[in-house]
Every structure is written in C-alpha cells, then in structure tokens.
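1. Just need the structure, nothing else, for what follows:
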Amino acid sequence: MRLGLQLGYWGAAPPAGAGELVVEAERAGFDAVFTAESWGSDAFTPLAWWGARTERVLLGTSVVQLSARTPAACAMHALTLDHLSGGRAVLGLGVSGPQVVEGWYGGPFGKPLARTREYVSIVRQVLARQAPVRNDGPHHPLPYTGPGSVGLGKSLRPITHPLRADLPVWLGAEGPRNVALAAEIADGWLAVYWSPRLAATYEEWLAEGFARPGARRTRDGFTVAASCQVVVTDDPAPAVAGMKQTMALYLGGMGAPGMNFHADVFARMGYAAEVAEIAALFAEGRRDAAAAAVPDELVADTAIIGPAGHVREEVARWEKAGVGMLLVGCADVGQVRTLADTLATE
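-> Below you'll find the model as predicted:
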C-alpha cells in the first residue's frame, strides 16, 4: 500500500510544522504529499514551498477546485510545478459544491460532469502542446466569442514546453456518475470516505467508465487513492471521538440542505437515518449532539484506528479491495514515523 500525506487546507492561519511533516514523510518512505483548498488557502503554493525541501515524493492536489481557475490557468500551475519538482506533480481536480462555486467563485454549478469533461480536455491539450488549444463546448469556449468579446481571441499553445504530456490527472468524485467519469477520462480517483464494505459497488462504477469508447486507461493502470484516517493506538476512543466531530461537520455543515454530496456517500452505505439526524442536530447548532449521533460503525467503515496489528490487517484488507494509495493526515512527526514503521515491509 502506498501512502500519501494529506496536509489538507488551512484554517485561520498556516499550520505549524507542516514543512517538517513533509520532510519526515519523505524520509519515512511515504510516496506522496497532498494539499487541498476550500475558500481560503490555495493548494498549489504550499506544494511549491514545502515541496522544495523534498526530492522524491509526488506532489499532488487533493483537490483543486475547477471553478477557482480557468482550465488553461490550472494547466499553467500544473506544468510549472511539474518542472520545478522534476516531474513529481499530480493534478487532483474536483467540482466542489454549489455553495462554494456560486457563492465564492461566482460561477454556475450546473452540469458538473460536462464542465469537468471540458476542463480536463483543455488541460490535456495544454500539456500535450501539439496544437493551439481550442474548445467548442459551452462551458469553457476557446477562443471566447460570447458576450463582451471584442473578437480578437486567438488559439494559443503554451510558451513553456510542459515537462510531461501525461502528467497524472486524478478526479475527486463521490457519486456513481462522477466515479465512472474519472475512470473514463482520468488517471486516478481521489475517493473521500471510501469503505471496503462497498468495494464491489465502486468497482461496478469504475467498470462502467473503463468500458466507454476512448477510455484513457484500464483498471490495472488506474489509481484509487482513498482518504483514510489511520491511527495506530492501543486506546482508540479519543481518536474515534475526534473523527466523529469531523464527520458531523461534513455530514451536517458541508453542502446545502438537499445537496450534500458527503451525506449522500453515507446514505449509500446504509446510514440514511443517522445522516438525517446528524444534519438536523447540526442545523440546530447542537454540534456536540451531532457528533454523538455518529455511530461507531460509521467511523469504522471509513477509518482505520487501533493497535498496530489491527492497522496492518485493515490496510491489507483495503488494498485487496482495490485501494492503491491511502491519503492520511498526521498531527506530528511522531505519527508519521509510527505509521510508516507499522506498515513497513521486510
């Protein structure tokens, strides 16, 4: 099992000690470091800053939001980071949700799959640099000829020659259609709250995408990178309680009523009633009660918490079920070392 250190996005201030975490992750044998963005810090700058202290680990975004940048601008970020890192960039993309897209970026959320398809096509054109970039679709027309255009738009190729035309593009996806799209047009799937209990269902969604005409890869050449809280401890209770606070936020506070993609994930797992209760409590401002309503089983379905032997067994189970990389968060250097030592193979 490959390991990726998930640094996430920043809160009110930059996280303390992140640079040391990145250095230790590389030293301990982690395969990648990932950053994210919401509506504060961006994902590319920390990778360039902290990644400059590394030589081997992949530097990935999990995820950058499509509406934050035009496709060409996103490709510019990716090709620049790829050059600076010597070919270690992984471009993880996601659509985010309607509250962020329309409330923060000021763009329409509708047609997320069609927007993603056009976006990835343009990014790939930029990275291939075989011809001036064009797109006839309605979401990202190039050249632009719509309202306000002066009619002088010109199709261009990037001045800078990309280091790799095949720079990996991974898609963050939660629903069946998005996962199938990832299998069709991307090189990997960034899975949030993946559960081995639904592995067969996920493989069906992926198979649909791989079977489409022109699909980019087969299952063997495709990476499933699952976010997973992995904690090695002989006293799981505190870690489980912390996970419940985070899950209550994502199930009750992320997304709009009636359109919370994280909540939909757990409803598919069979927790629809629990999700409804958590959302109602969170909406009332009763956050501690919402966290208490998160079942232990729900945490166990999507996280690996326990003694070293249990962790090794569960990681092996996740790998056998189809996960190629675990994206894990670590609070300090000690956790990085402990996890790496626990999963080290002879």
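2. Going by C-alpha atoms from here, please, whenever you check contacts or count neighbours.
-> Will do.
3. Where do the helices of the stretch 51-200 of the chain begin and end?
-> Applying DSSP state H, counting those that start in this stretch to the stretch 51-200 of the chain gives helices spanning 71-85, 98-103, 112-128, 176-185, 199-210.
4. Need the winner for burial among these.
-> Greatest average neighbour count among the helices of the stretch 51-200 of the chain goes to helix 176-185 (a mean of 23), per mean count of other CA atoms under 10 Å.
5. Packing partners of that one?
-> Packing partners of helix 176-185 (3 or more CA pairs under 8 Å, 6 or more residues apart in numbering; DSSP states H and E): helix 112-128, strand 169-173, strand 188-191, helix 199-210.
6. Quick one, which of the helices of the stretch 51-200 of the chain gets closest to Tyr250.
-> Using CA to CA as the measure, helix 98-103 is the one of those that comes nearest Tyr250, at 13.7 Å.
7. Which of the helices of the stretch 51-200 of the chain sits closest to Arg216?
-> Judging the helices of the stretch 51-200 of the chain by CA to CA, what sits closest to Arg216 is helix 176-185, at 5.5 Å.
8. which residues touch the closest one?
-> Applying CA atoms under 8 Å, 6 or more residues apart in numbering, the contact partners of helix 176-185 are 113, 117, 120, 170-171, 173, 188-189, 202, 205-212, 214-217, 222.
9. Just give me how far stretch 206-214 sits from the chain centre.
-> Between the centre of stretch 206-214 and the centre of its chain there are 21 Å (CA atoms, centre = their mean, to the nearest Å).
10. who touches that stretch?
-> Counting by CA under 8 Å, 6+ apart, Val179, Ala180, Leu181, Ala182, Ala183, Glu184, Ala215, Arg216, Arg217, Thr218, Arg219 sit against stretch 206-214.
11. ok, now with 7 Å
-> If you take CA atoms under 7 Å, 6 or more residues apart in numbering as the criterion, stretch 206-214 is touched by Val179, Ala180, Leu181, Ala183, Glu184, Ala215, Arg217, Thr218.
12. Let's have those residues in CSV, adding distance to Pro98.
-> Below are these laid out as CSV (distance: CA to CA, whole Å):
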residue, distance to Pro98
Val179, 19
Ala180, 21
Leu181, 19
Ala183, 24
Glu184, 24
Ala215, 28
Arg217, 30
Thr218, 31
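13. Distance to Glu297 and pLDDT added to the residues you listed, as CSV?
-> Formatted as CSV, the contacts of stretch 206-214 follow (distance: CA to CA, whole Å; pLDDT from 0 to 100):
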residue, distance to Glu297, pLDDT
Val179, 24, 97
Ala180, 27, 98
Leu181, 30, 98
Ala183, 29, 98
Glu184, 33, 98
Ala215, 36, 98
Arg217, 34, 97
Thr218, 33, 97
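14. now the helices of the stretch 51-200 of the chain as CSV including distance to Phe266?
-> Formatted as CSV, the helices of the stretch 51-200 of the chain follow (distance: least, CA to CA, whole Å):
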stretch, distance to Phe266
helix 71-85, 31
helix 98-103, 19
helix 112-128, 21
helix 176-185, 13
helix 199-210, 14
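15. Which element, helix or strand, includes Leu326?
-> strand 325-328 (DSSP states H and E).
16. just the strands in the stretch 1-150 of the chain please.
-> With DSSP state E, counting those that start in this stretch applied, the stretch 1-150 of the chain shows strands at 2-8, 32-35, 58-61, 64-65, 89-94, listed in chain order.
17. Okay, and the beta partners of the closest residue in space to Glu314 that isn't next to it in sequence?
-> Among residues not flanking Glu314 along the chain, Ile304 sits closest, at 6.7 Å (CA to CA, 6 or more residues apart in numbering). Beta bridges link Ile304 to Val230, judged by DSSP bridges.
18. Residue ranges of each domain in this structure, please.
-> Annotated domains of the chain cover 2-229+306-343, 235-305 [automatic domain parsing].
19. about what we covered before: for the strand holding Leu326, packing partners?
-> Helices and strands touching strand 325-328, as assessed by 3 or more CA pairs under 7 Å, 6 or more residues apart in numbering; DSSP states H and E, comprise strand 2-8, strand 223-227.
20. if we go to 10 Å?
-> Judged by 3 or more CA pairs under 10 Å, 6 or more residues apart in numbering; DSSP states H and E, strand 325-328 is in contact with strand 2-8, strand 32-35, strand 188-191, strand 223-227, strand 230-232, helix 308-320.
21. Mind checking what helix or strand follows that strand in sequence?
-> helix 333-343.
22. Outside of that next one itself, list whatever touches it.
-> Outside helix 333-343, the residues within contact range by CA atoms under 10 Å, 6 or more residues apart in numbering are 1-3, 5, 17-18, 20-30, 230-233, 307-309, 311-313, 315-316, 328-330, 344.
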